[in-house]
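Peer 1: have a look at this prediction, sequence included:
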Amino acid sequence: MATLIPNDPLVESAWGAIQKDRALGEFFERLCPRTGKKRAIVAVARKLIGRIRAAFHKGVNYQMDYRNSKAITA
């Protein structure tokens, strides 16, 4: 498994995602007190890539706030 580092593009994307995607932001806020910001953002990055991969495999566009929305199949 690859190690994510602070300047990794996926981690940088995760910082932006927690601002735009409410579900990812809430996930980050829950983890932050227990793990610290660095570990929490890496967890968000891993969750983000999992969501992107799932959307790719399903053939749908990525949806923000995925927890609160229903996937639309093409």
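Peer 2: Alright, I've got the coordinates.
Peer 1: how close does the closest residue to R22 other than its chain neighbours sit to D21?
Peer 2: Spatial nearest neighbour of R22, excluding adjacent residues (C-beta to C-beta, 6 or more residues apart in numbering): D65 at 5.2 Å. C-beta coordinates here come from the backbone N, C-alpha and C atoms, glycine included. Computed as C-beta to C-beta, to the nearest Å, the D65 to D21 distance reads 6 Å.
Peer 1: from V44, how far off is R51?
Peer 2: Taking C-beta to C-beta, one finds R51 at 10 Å from V44.
Peer 1: in stretch 11-27, which residues are buried?
Peer 2: V11, A14, A17, I18, D21, A23, L24, F27 (16 or more other C-beta atoms under 10 Å).
Peer 1: what is the helix or strand where the last one lies packed up against?
Peer 2: Of the helices and strands defined by DSSP states H and E, F27 is found in helix 22-35. With contacts taken as 3 or more C-beta pairs under 8 Å, 6 or more residues apart in numbering; DSSP states H and E, helix 22-35 sits against helix 9-20, helix 37-58.
Peer 1: isn't V44 right up against I18?
Peer 2: Yes. Proximity of V44 to I18 meets the contact threshold set by C-beta atoms under 8 Å, at 6.0 Å.
Peer 1: what touches both of the two?
Peer 2: L24, F28 (C-beta atoms under 8 Å, 6 or more residues apart in numbering).
Peer 1: what sits against the closest residue to K20 other than its chain neighbours?
Peer 2: Excluding its sequence neighbours, the residue lying closest to K20 (C-beta to C-beta, 6+ apart) is M64, at 6.2 Å. Counting by C-beta under 8 Å, 6+ apart, M64 touches K20, D21, R22, A23.
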